[in-house]
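Trainee: no sequence on this one, just coordinates:
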Ligand SMILES: [Zn+2]
Ligand SMILES: [Zn+2]
């Protein structure tokens with residue numbers, strides 16, 4: 001029997017690693033520039049955390065989480081998203097007592113039992129960040145700007161930034177009423193999912209991708225027309241700040257995001273080529289979330305992005321990425337005595353801080369040279385019986401083919 005990776009999960013192979021390193025470097029550099037600190041949370045949390053934050057009635061919690069009782073009987077859930085664990089840690093470690101806002105970023109795997117398709121996995125990896133403890137729209141603007149800078153720093157082009165405001169608990173109920181009555185008049189033509197969403201999660205009707213439902217979105221009531229005074233002023237200032245910072249945004253009235261906890265600002269960055277399935281970055285404000293999981297009312301805003309999906313887009317756009325460096329030297333050796341010398345020489349090369357590996361014992365000179373080529377190693381050190389006898393090595397430049405013999409101490413000194 002041969003095992004394979006579980007459905008919806010995948011291995012990150014050596015040739016794909018350079019993309020992840022590229023993404024990680026950009027994420028860390030920018031996060032630090034904007035004053036964020038890294039926080040890592042456990043892969044699993046008490047299931048109740050996601051019932052309270054993501055929402056007990058949502059598709060994610062009801063159908064998509066990996067939830068299990070451990071051997072002690074505690075109910076645990078593999079993290080389906082990154083924000084709630086960060087908020088839990090913020091409270092648990094008393095970060096609400098620090099000067100606010102607190103800026104945190106993370107890299108983590110997230111787990112959702114979804115139907116696997118291109119760019120969508122049951123285990124995927126996210127980078128995300130959160131700003132906790134500041135409700136000012138300038139914070140929203142900076143977070144959106146950071147997301148925009150990140151995408152361009154990665155080398156991705158042909159992307160669009162969409163923003164919307166979905167109000168708060170004061171004004172959203174009025175908007176939801178208007179939305180529901182609009183869709184009730186068209187209920188007969190809605191897909192079965194949307195029929196259910198009408199009562200439970202009416203916002204999601206706006207971003208249903210099925211043709212029957214999609215056609216109604218454009219003329220549906222718009223959340224920005226129902227904002228209370230506070231939400232209106234927050235929204236106006238956000239747009240003003242984005243313009244001030246030169247961020248080219250578009251308002252998308254259908255943008256609502258999939259999670260229950262969002263309030264006011266929501267935003268996404270999408271590649272021009274495709275629809276919403278391919279969102280590169282998604283985020284928004286969640287001013288009620290921390291209260292929902294047991295803290296004092298604390299505003300928050302953040303975004304997340306998927307490493308697999310960014311990689312897919314980097315490959316599709318053929319963005320040039322630096323290769324991970326190969327060792328500088330392959331130490332070729334023929335015979336037992338040469339092998340002993342080669343081990344010693346390789347140790348000393350590495351002690352100088354330069355990369356070196358041994359050629360495979362038992363292969364001919366030609367075979368080991370081929371090995372150097374295959375590994376893109378620029379220099380080989382050749383050690384045979386002659387070299388051992390003379391305490392010297394032959395060094396060969398793989399690009400030019402030029403080679404010369406040198407005493408071992410001299411070679412090591414010149415590294
Ligand atoms: Zn629908
Ligand atoms: Zn409001």
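Mentor: Received, thanks. Note that the coordinates shown come from a computational prediction; the quantities given were computed from them, not determined experimentally. Ligands and ions are numbered 1, 2, ... in the order given.
Trainee: which residues touch residue 135?
Mentor: 234, 287, 299 (C-beta atoms under 8 Å, 6 or more residues apart in numbering). C-beta coordinates here come from the backbone N, C-alpha and C atoms, glycine included.
Trainee: wait, the first one touches residue 241, no?
Mentor: Pointing back at residue 234 there. No. Residue 234 is beyond contact range of residue 241, at 10.7 Å (criterion: C-beta atoms under 8 Å).
Trainee: quick check: bridge partners of residue 126?
Mentor: Here residue 126 sits in beta bridges with residue 108, residue 306, going by DSSP bridges.
Trainee: who's in contact with it?
Mentor: The neighbours of residue 126, taking C-beta under 8 Å, 6+ apart as the test, are 81-82, 106-110, 304-307.
Trainee: how far away is it from ligand 2?
Mentor: 29 Å (C-beta to the ion, to the nearest Å).
Trainee: how about residue 248?
Mentor: In terms of C-beta to the ion, residue 248 sits 26 Å off from ligand 2.
Trainee: number of residues surrounding that residue?
Mentor: Residue 248 has 9 neighbours, counted by other C-beta atoms under 10 Å.
Trainee: identify the residue nearest it in space, chain neighbours excluded?
Mentor: With C-beta to C-beta, 6 or more residues apart in numbering as the measure, residue 161 is the residue that lies nearest to residue 248, at 6.6 Å, once sequence neighbours are left out.
Trainee: and if you look at residue 129?
Mentor: residue 105 (3.9 Å).
Trainee: now name the helix or strand holding the one you found.
Mentor: Following DSSP states H and E, the helix or strand that holds residue 105 is strand 102-111.
Trainee: what's the answer for residue 168, then?
Mentor: Residue 168 belongs to no helix or strand, assigned by DSSP H and E.
Trainee: could you measure from it over to ligand 1?
Mentor: Noted for residue 168: a distance of 26 Å to ligand 1, by C-beta to the ion.
Trainee: residues contacting that residue?
Mentor: With C-beta under 8 Å, 6+ apart, residue 168 has these contacts: 228, 230-231, 263-264, 287-288.
Trainee: just the pLDDT for it.
Mentor: Residue 168 carries a pLDDT value of 94.
Trainee: show me which residues of this protein sit near ligand 2.
Mentor: Counting by C-beta under 5 Å from the ion, the residues of the chain lying close to ligand 2 are 167-168, 170-171, 228, 231.
Trainee: mind checking which of those residues are buried?
Mentor: 167-168, 171, 228, 231 (16 or more other C-beta atoms under 10 Å).
Trainee: is residue 95 in contact with residue 132, as I believe?
Mentor: Yes. Between residue 95 and residue 132 there is a contact under C-beta under 8 Å: 7.2 Å.
Trainee: so what's residue 269 scoring on pLDDT?
Mentor: What the model reports as pLDDT for residue 269 is 97.
Trainee: for it, give me its contacts.
Mentor: The contact partners of residue 269, by C-beta under 8 Å, 6+ apart, come to 147-148, 151, 159-162, 279-282.
Trainee: which among those gets closest to residue 388?
Mentor: residue 151 (55.8 Å; C-beta to C-beta).
Trainee: and the residue in the stretch 1-150 of the chain positioned nearest to ligand 2, its phi and psi?
Mentor: Here the stretch 1-150 of the chain gets closest to ligand 2 at one residue, residue 135, 12.1 Å apart by C-beta to the ion. Per-residue torsions, residue 135: phi -90, psi 0 (degrees, to the nearest 10).
Trainee: please name the bridge partners of the closest residue to residue 305 other than its chain neighbours.
Mentor: Leaving aside its sequence neighbours, residue 305 sits nearest to residue 281 (C-beta to C-beta, 6+ apart; 4.5 Å). For residue 281, the beta-bridge partners under DSSP bridges are residue 269, residue 305.
Trainee: what number of residues lie near residue 281?
Mentor: 24.
Trainee: also the one 10 residues further on?
Mentor: Residues near residue 291, counting by other C-beta under 10 Å, number 11.
Trainee: so it is in which element?
Mentor: Assigned by DSSP H and E, residue 291 belongs to helix 289-292.
Trainee: quick one: contacts of that helix?
Mentor: Helix 289-292 is touched from outside by 52-53, 83-84, 87, 90-91, 132, 261, 296-298, 300, with contacts defined as C-beta under 8 Å, 6+ apart.
Trainee: return the distance of stretch 17-35 from the chain's centre.
Mentor: Centroid displacement of stretch 17-35 relative to its chain, using C-alpha atoms, centre = their mean, to the nearest Å, is 10 Å.
Trainee: buried residues in that stretch?
Mentor: With the criterion 16+ other C-beta under 10 Å, stretch 17-35 contains buried residues 19-20, 22-23, 26-27, 30-31, 34.
Trainee: of these, which is the nearest to residue 407?
Mentor: residue 22 (41.5 Å).
Trainee: close to ligand 1, is the helix or strand bottoming out on mean pLDDT in the chain?
Mentor: Sorting the helices and strands of the chain by mean pLDDT, DSSP states H and E puts helix 59 at the bottom, at a mean of 77. No. Using C-beta under 5 Å from the ion, helix 59 never reaches ligand 1; the gap is at least 12.7 Å.
Trainee: any idea of the mean pLDDT in the very next helix or strand once past that helix?
Mentor: Next in sequence after helix 59, counting helices and strands by DSSP H and E, comes strand 67-69. Averaging pLDDT along strand 67-69 yields 96.
Trainee: just list what strand 67-69 packs against, helices and strands only.
Mentor: In this structure, strand 67-69 packs against strand 75-78, with contacts taken as 3 or more C-beta pairs under 8 Å, 6 or more residues apart in numbering; DSSP states H and E.
Trainee: distance of residue 54 relative to residue 82?
Mentor: 11 Å (C-beta to C-beta, to the nearest Å).
Trainee: contacts for stretch 397-415?
Mentor: Contact with stretch 397-415 is made by 341, 345, 348-349, 352, 354, 369, 372-373, 377-382, 387, 390-396, as judged by C-beta under 8 Å, 6+ apart.
Trainee: in the stretch 1-150 of the chain, which spans are strands?
Mentor: 37-38, 44-46, 67-69, 75-78, 102-111, 123-132 (DSSP state E, counting those that start in this stretch).
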